[in-house]
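Asker: here is a sequence with its predicted model. Questions after.
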Amino acid sequence: MSRRYFGTDGVRGRVGQVPMTPDFALKLGWAAGRVLGKAPGARVLIGKDTRRSGYMFESALEAGFAAAGVETDLLGPIPTPGVAYLTRALRCQAGVVISASHNPHHDNGVKFFGADGGKLSDAIELEIESLLDEPLICASPEQLGRALRIDDAAGRYIEFCKSSFPIQQTLSGVKIVIDCANGAAYKTAPAVFAELGAEIFVIGDKPDGFNINRGCGSTHLELLQKTVVEQRAHIGVALDGDADRCLLVTQDGREVDGDEILFIIARQRLQAGVLQGPVVGTQMSNLGLEQAILALGIGFERAKVGDRYVLELLKSTGGTIGGETSGHLLCLDRTSTGDGTVTALQILAAMAESGMTLAELTKGMTKFPQVLINLKVQGAAKPLLEHPAVRTEVVSVEQELGSRGRVLLRASGTEPLIRVMVEADEPALTQRMAERIADRLRQIAQ
């Protein structure tokens, strides 16, 4: 069965348009409650980021779960990984996050975690979807669920993050600029780094319901790069709206992406003798990462784009470290899902252990020039991707590149986009080939 509403990261869309409407959210809460809350006394957690629409969806989901007879604990604004952690820690049947991650405020979404703090399987998501066509049958008055609020949720999560940093180390003497993207980590991330001893300078920590990810965070590094240099900081940390991603900035303002972060963490784990299994990247991971990992004598595997697929491959291969170029990293030896704050702490620990700067830690990996072009599409992307003229163009480019590079064409799992990625050993060639494929797509789409 194909999924109608669930994408690679839950249900997502523009607020006020199906599926992100209050009536759909109510039905989704009820359906999820029926599937995930079968045990007597079942409880679920609901957390959210800082979007204005989060209030509306929180109320609708709460009503749906109550109608299904499921108890609900409301966490308020908290990072996505905080919901995953608290779902495990509080022994709940499921966790729910209201967020559209790195998207603008006019989008929102709903994603779920199981009792283990991991993403739901395809089978469970399909079971939830199957109930969305059924009539909503309310539990009896005696069996309706209630909603309570957990006031110390953020504090519990802060302590969890700190526990992922070596107990014998502190961040004393380290100056960090933190960009919270006006999102879910605007209180938690500064507290974590400050309580570990760092001197912090915080930006993107004044959410108003509409400025999440706007000109800040991991999708807009310019402000962080400028601020790191101005503040003479040792490192800059950029989170996204729900704080499951992390990108970094060096002392001189250079971006350090998810591939480089993955390389640093994998090498640190190898040197510590605790690395398990292969490192897992994605189809979008830079060829330079693969070559650097293999040069360390570590296995490297590529998953489909999406952290759920990275997680599946890690579990099937026995690995613990994986992630995406976007900064969505998985350190399964520390937590069950992507966590931007925990990721940053792993890099800071590597800096402390080695006495090296962030820029010095990236040495040993040389990135291939990579061009990514995002094309907005109207309607389904699949017909465009499968069009004979597009396929012919891709084959032609691949033949010209040969062993010098590679091509990846895919539909975004979270936005109405087709992503054209070309990687080669020469910048001008890379740009030219990417534009060639993008131009062919534009011609076909007209």
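Answerer: All right, it came through fine. These figures come from a predicted structure and were not determined experimentally. Numbering: from 1, shown residues only.

Asker: what's the distance between the closest residue to Gln346 other than its chain neighbours and Phe6?
Answerer: Ranked by C-beta to C-beta, 6 or more residues apart in numbering and with sequence neighbours excluded, the top spatial neighbour of Gln346 is Ile265, at 5.1 Å. All C-beta spots, glycine's among them, are computed from the backbone N, C-alpha and C. With the distance defined as C-beta to C-beta, to the nearest Å, Ile265 ends up 29 Å from Phe6.

Asker: follow-up on the earlier one: surely the residue nearest to Gln346 touches Leu348?
Answerer: No: using C-beta atoms under 8 Å, Ile265 is not in contact with Leu348, being 11.2 Å away.

Asker: need the longest helix for the chain.
Answerer: The longest helix of the chain (DSSP state H) is helix 427-445.

Asker: tell me, what's touching Ile265 and Leu348 both at once?
Answerer: The contact sets of Ile265 and Leu348 do not overlap (C-beta atoms under 8 Å, 6 or more residues apart in numbering).

Asker: okay, now Gln378: neighbour count?
Answerer: A total of 7 residues lie near Gln378 under the criterion other C-beta atoms under 10 Å.

Asker: and it, what does it touch?
Answerer: Under the criterion of C-beta under 8 Å, 6+ apart, the neighbours of Gln378 are 416, 445.

Asker: pretty sure it sits in a helix.
Answerer: No: secondary structure assignment (DSSP: H, G, I helix; E, B strand; the rest coil) places Gln378 in coil, not in a helix.

Asker: in stretch 275-290, what counts as buried?
Answerer: Of the residues in stretch 275-290, 275, 277-282, 284-290 count as buried by neighbour count, 16 or more other C-beta atoms under 10 Å.

Asker: looking at these, which two lie furthest apart in space?
Answerer: When the buried residues of stretch 275-290 are compared pair by pair using C-beta to C-beta, the two farthest from each other are Leu275 and Met284, 22.5 Å apart.

Asker: Asp179 versus the residue nearest to Gln346, what's the distance?
Answerer: Look at Ile265 and Asp179: by C-beta to C-beta, they are 20 Å apart.

Asker: which one's more surrounded, those two?
Answerer: Ranked by neighbour count (other C-beta under 10 Å), Ile265 and Asp179 place Asp179 first, with 30 against 26.

Asker: might you report the residue contacts of the closest residue to His105 other than its chain neighbours?
Answerer: For His105, the nearest residue in space outside its immediate sequence neighbours is Phe210; the separation is 4.7 Å by C-beta to C-beta, 6+ apart. Residues touching Phe210, when contacts are defined by C-beta under 8 Å, 6+ apart, comprise 51-52, 105.

Asker: and Phe210, that's in a helix?
Answerer: No: using three-state DSSP, the assignment for Phe210 is coil, not a helix.

Asker: okay, it and Ala115: tell me how far apart.
Answerer: Distance of Phe210 to Ala115, given as C-beta to C-beta: 34 Å.

Asker: equivalent analysis for Pro207, please.
Answerer: Applying C-beta to C-beta, one obtains 30 Å for the distance of Pro207 from Ala115.

Asker: coming back round to it: mind giving me the ChimeraX command for buried ones among the contacts of Phe210?
Answerer: Buried residues among these (16+ other C-beta under 10 Å), as a ChimeraX selection:
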select :51,105
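
Asker: in CSV, list the contacts of Phe210 along with secondary structure and pLDDT.
Answerer: Putting the contacts of Phe210 into CSV (DSSP: H, G, I helix; E, B strand; the rest coil; pLDDT from 0 to 100) gives the following:
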residue, secondary structure, pLDDT
Arg51, coil, 98
Arg52, coil, 98
His105, coil, 98
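
Asker: now, which of the contacts of Phe210 sits nearest Met20?
Answerer: Arg51 (10.6 Å).

Asker: doesn't Ile212 make contact with that closest one?
Answerer: Yes: in this structure, Arg51 sits in contact with Ile212. The criterion is C-beta under 8 Å, and the distance is 5.8 Å.

Asker: identify the contacts common to the two.
Answerer: Residues within reach of Arg51 and of Ile212 at once, by C-beta under 8 Å, 6+ apart, are 105, 241.

Asker: contacting residues for Tyr5?
Answerer: Residues touching Tyr5, when contacts are defined by C-beta under 8 Å, 6+ apart, comprise 11, 19, 28, 129, 132.
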